[in-house]
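Participant: give me the fold of what follows.
(2 chains)
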Amino acid sequence: MPHKCTKCGREYKDGSTEILRGCESCGGKKFLYVKEAELHKDVLEEKSIEEIAEETKEPVLEVKAHPKKEVEMYDRVETIRIVGPGTYELNIEKMAKGDERIISVGKEGVYHIDLMSMAKGPKKGKKKKK
Amino acid sequence: MKIFYQTFGRAKKRFSSFLSRFFKKKRTRIGIYGPPNAGKTTLANRIARDWTGDAVGPVSEIPHETRRARRKDDIIISGANGATVTIDIVDTPGVTTRIDYHEFLEFGLDKDEAIIRAREATEGVAEAMHWLREDIDGVIYMLDSTLDPFMQVNIMMVGIIESRKLPVIIVANKIDLPEAAPARIRSAFPQHPVVPVSGLQGKNVEELYEMMIERFG
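Facilitator: Numbers count the residues shown, from 1 in each chain, chains lettered A, B, ... in the order given. This is a model prediction of the structure:
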């Protein structure tokens, strides 16, 4: 009839004297005397998350994997994206709005901003009368 | 003596351009827009040759041959009943949302040439959009009628042209090819006039000229 540490679950042979010094793994001093069949019960038994939550009275936490959202071309800040040497993606809607140049390099987060292209405002008196 | 005439000629030009700016002579600048290889430069050459005898630029089956905007001024187009319109034609680089140098490798360019071409084509698109914003009074939007018109770039471009309230004529080009389907283009853009032509062979360009007088005059 083996002994089982109540804290970490480590098992000891029946009658082992080491437990007198405390559990080798965690140092706990309390041990359970368990039957052979019941020994591995807690590991082998399948419990749903709700049952475990009820037994241990701990809140159920969810691990959220952040889904990668593909940014719409309309929302993109860059006018030209350099995917690789000689390969470009062009945001023609942004180009249609103004001359400013913001170029992104590589996958995400690196931008070159051409300040001179942003310097000129809209031409005065450019309103078209129809 | 020659220098005198040259200086006089230059002064005359400067004076007349000063006068035209002073009196705000309206220039009708018509831009030919569309995806690469739609036939914009071929049509620009035909219009220029039909009415002035000159060409506008080189053509090629390699896409993005036109990488800078090219302008031909003072083209007078006359129609059947004597009506005319005077326009400047602007042939623009093909507009697209993605340029990849690999597509030029298939046409026999080596890697360095292809990369340079891709870079120039990208600059060309930026220039085309700049013209559209600054100095264009009307648009001829060219489409290859053998291809599906519902491409992202066409939807975006026609939307941009509409938002700027520019008069537009959609040209369904390449009707000389067996797979041409101009009706598909008409049903894709029911809100605009669609003229089927062959810029290469000159088929039905008369209808385009009449439409230009009507829309841009």
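
Participant: quick one, what contacts residue A:89?
Facilitator: A:80, A:81, A:83, B:97, B:98 (CB atoms under 8 Å, 6 or more residues apart in numbering or on different chains). Yep, even glycine has a C-beta here, placed from its N, CA and C like the rest.

Participant: can I assume it sits in a strand?
Facilitator: Yes: under DSSP: H, G, I helix; E, B strand; the rest coil, residue A:89 falls within a strand.

Participant: distance across stretch B:145-154, terminal residue to terminal residue?
Facilitator: Start and end residues of stretch B:145-154 are separated by 13 Å (CA to CA, to the nearest Å).

Participant: I'd like the mean pLDDT over that stretch, please.
Facilitator: On average, the pLDDT along stretch B:145-154 is 92.

Participant: mind checking how far it is from the chain centre?
Facilitator: How far stretch B:145-154 lies from its chain's middle: 17 Å, per CA atoms, centre = their mean, to the nearest Å.

Participant: list phi and psi for the closest residue to residue A:26 other than its chain neighbours.
Facilitator: The shortest distance from residue A:26 to any non-neighbouring residue, by CB to CB, 6 or more residues apart in numbering or on different chains, is to residue A:8 (4.1 Å). Residue A:8 has phi and psi values of phi -110, psi -10 when expressed as degrees, to the nearest 10.

Participant: can you pull the pLDDT of residue A:8?
Facilitator: 83.

Participant: what's near enough to touch it?
Facilitator: With CB under 8 Å, 6+ apart, residue A:8 has these contacts: A:23, A:25, A:26, A:28.

Participant: hmm, try it at 10 Å
Facilitator: Contacts for residue A:8 (CB atoms under 10 Å, 6 or more residues apart in numbering or on different chains) come out as A:23, A:24, A:25, A:26, A:27, A:28.

Participant: just the element for the nearest residue to the last one once chain neighbours are set aside, please.
Facilitator: Distances taken as CB to CB, 6+ apart place residue A:7 nearest to residue A:28, at 3.7 Å, with adjacent residues excluded. Secondary structure here is read from DSSP states H and E; on that basis residue A:7 sits in neither a helix nor a strand.

Participant: thinking again about what came up before, farthest pair within the contacts of residue A:89?
Facilitator: Largest separation among those by CB to CB: A:83 and B:97, giving 11.8 Å.

Participant: ok, now which ones touch residue 28?
Facilitator: Picking chain A for this. Residue A:28 makes contact with A:5, A:6, A:7, A:8, A:9, A:10, A:19, A:22 under the criterion CB under 10 Å, 6+ apart.

Participant: try chain B instead
Facilitator: Taking CB under 10 Å, 6+ apart as the test, what residue B:28 contacts is B:75, B:85-89, B:136-138, B:167, B:212, B:216-217.

Participant: which stretches of chain A form strands?
Facilitator: A:3-5, A:11-12, A:31-33, A:80-84, A:87-90, A:101-105, A:111-114 (DSSP state E).

Participant: can you tell me which of those strands is nearest to residue B:39?
Facilitator: strand A:87-90 (21.0 Å).

Participant: residue A:11 and residue A:24 touch, don't they?
Facilitator: No: assessed by CB atoms under 10 Å, residue A:11 is found out of contact with residue A:24, at 11.1 Å.

Participant: now the common contact residues for these two.
Facilitator: residue A:5.

Participant: export the helix or strand where residue B:206 lies to CSV, keeping only CA atoms.
Facilitator: Take DSSP H and E as the rule and residue B:206 turns out to sit in helix B:205-216. Provided in CSV are the C-alpha atoms of helix B:205-216 (Å, rounded to 0.1, in the frame of the first residue of the first chain):
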residue,chain,number,x,y,z
VAL,B,205,-13.0,54.2,-84.0
GLU,B,206,-15.4,56.6,-85.7
GLU,B,207,-18.0,55.8,-83.1
LEU,B,208,-15.4,56.6,-80.4
TYR,B,209,-14.6,60.0,-82.1
GLU,B,210,-18.3,60.9,-82.2
MET,B,211,-18.7,59.9,-78.5
MET,B,212,-15.6,62.0,-77.6
ILE,B,213,-17.1,65.1,-79.3
GLU,B,214,-20.4,64.5,-77.5
ARG,B,215,-18.8,63.9,-74.1
PHE,B,216,-15.8,66.1,-74.0
